[in-house]
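Trainee: Show me how the following folds:
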Amino acid sequence: METAITNQALATNTEGYLLDYTQWTPDWGIEVARMYVIELTDKHWEILEWLRQKQAEGVALSIRKVGNSGITDIKQFYRLFPGGPLKISSKIAGIPKPVSCI
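Mentor: Residues are numbered from 1 along each chain as shown. You can find the predicted model right below:
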């Protein structure tokens, strides 16, 4: 499946997660965030960069790991990405849906 969010169509799964996270661009992240009515701040970008780094390292992500990252706590994570913080932030970051997400 291809999803055209920016000026280019990128391959996504049926839930809208990029199939190849290396194709991600900041513009992709901005457009996905808009779909969730999230205006990305510096703190959002810091979390997204951390998620992308951990994905590249092969780390299995969880809300607890994000909360223990030193970048944000769990309460702030929920405020920044309401409605499913790890699912939404992962989609915006262009990484696969974490196994810990239902």
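Trainee: which is the next helix or strand following the helix or strand hosting Trp45?
Mentor: Here Trp45, judged by DSSP states H and E, is contained in helix 42-57. Sequence order places helix 63-67 as the next helix or strand after helix 42-57, per DSSP H and E.
Trainee: what's the spacing between Val32 and Asn68?
Mentor: Using CB to CB, to the nearest Å, one obtains 25 Å as the distance from Val32 to Asn68. For every residue, glycine as well, the C-beta is placed using N, CA and C.
Trainee: Between these two, which is the more surrounded one?
Mentor: More neighbours surround Val32 than the other of Val32 and Asn68, with 24 against 12 (other CB atoms under 10 Å).
Trainee: Please identify which helix or strand holds that one.
Mentor: With DSSP H and E as criterion, Val32 is part of helix 26-35.
Trainee: What are the neighbouring residues in contact with the residue most central in space within the chain?
Mentor: Residue closest to the average C-alpha location in the chain (CA atoms, centre = their mean): Ser90, at 2.4 Å. By CB atoms under 8 Å, 6 or more residues apart in numbering, the contact list for Ser90 reads 17, 51, 61, 96-98, 101.
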